[in-house]
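> what follows is a predicted protein model with its sequence.
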Amino acid sequence: MDTTGVECFVKENNPKFFNALVKRLEYFNKDKSKEDIYKMAYNQMPKTAEVYKNIKLQYINGHFCYAHTTAGMYLINQNSVTITYTYSTKVIQDKSIGYTL
């Protein structure tokens, strides 16, 4: 089972959001190493997007981003080529944001 997500267009997905957080932490923690600064920055990232609480911080496709969670099953052959993908869908309808996923 592979968990993946649909990346959303929210301000938290903008690299400027994370870089501003890193710069602020570097300014106040000059004695810390760069690795510690980045650990603190990832720890201080909000767990959900400000505009919609179902958009959560996740590690998908090799990076951290804010996305809707989806789950699916991959069937892969010996050459790591995807043969089939079963997508478990659930319809999310929200009148406040006006879309269906």
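That came through fine.
> contacts and neighbour counts: CA atoms only from here.
OK.
> could you point out the longest helix of the protein?
Across the chain, the helix with the greatest residue count (assigned by DSSP state H) is helix 15-28.
> residues making contact with it?
Where contact means C-alpha atoms under 8 Å, 6 or more residues apart in numbering, the residues beyond helix 15-28 that reach it are 11-12, 32, 37-38, 40-41, 45.
> which positions within that helix qualify as buried?
By neighbour count, with 16 or more other C-alpha atoms under 10 Å as the criterion, the buried positions of helix 15-28 are 18, 21-22, 25-26.
> okay, those in CSV with distance to Lys53 and pLDDT next?
Shown next, in CSV, are these (distance: C-alpha to C-alpha, whole Å; pLDDT from 0 to 100):
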residue, distance to Lys53, pLDDT
Phe18, 19, 92
Leu21, 21, 94
Val22, 24, 95
Leu25, 25, 95
Glu26, 29, 95
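> and which of these is nearest to Thr69?
For Thr69, the nearest member of the buried residues of helix 15-28 is Phe18. The distance, counting by C-alpha to C-alpha, is 21.1 Å.
> distance of that closest one from Arg24?
As defined by C-alpha to C-alpha, to the nearest Å, Phe18 lies at a distance of 10 Å from Arg24.
> strands of the chain, start to end?
Assigned by DSSP state E, the chain shows strands spanning 2-7, 56-60, 63-76, 82-88, 93-94, 99-100.
> since we're on Phe64, how many residues are nearby?
Residues lying near Phe64 (other C-alpha atoms under 10 Å) number 12.
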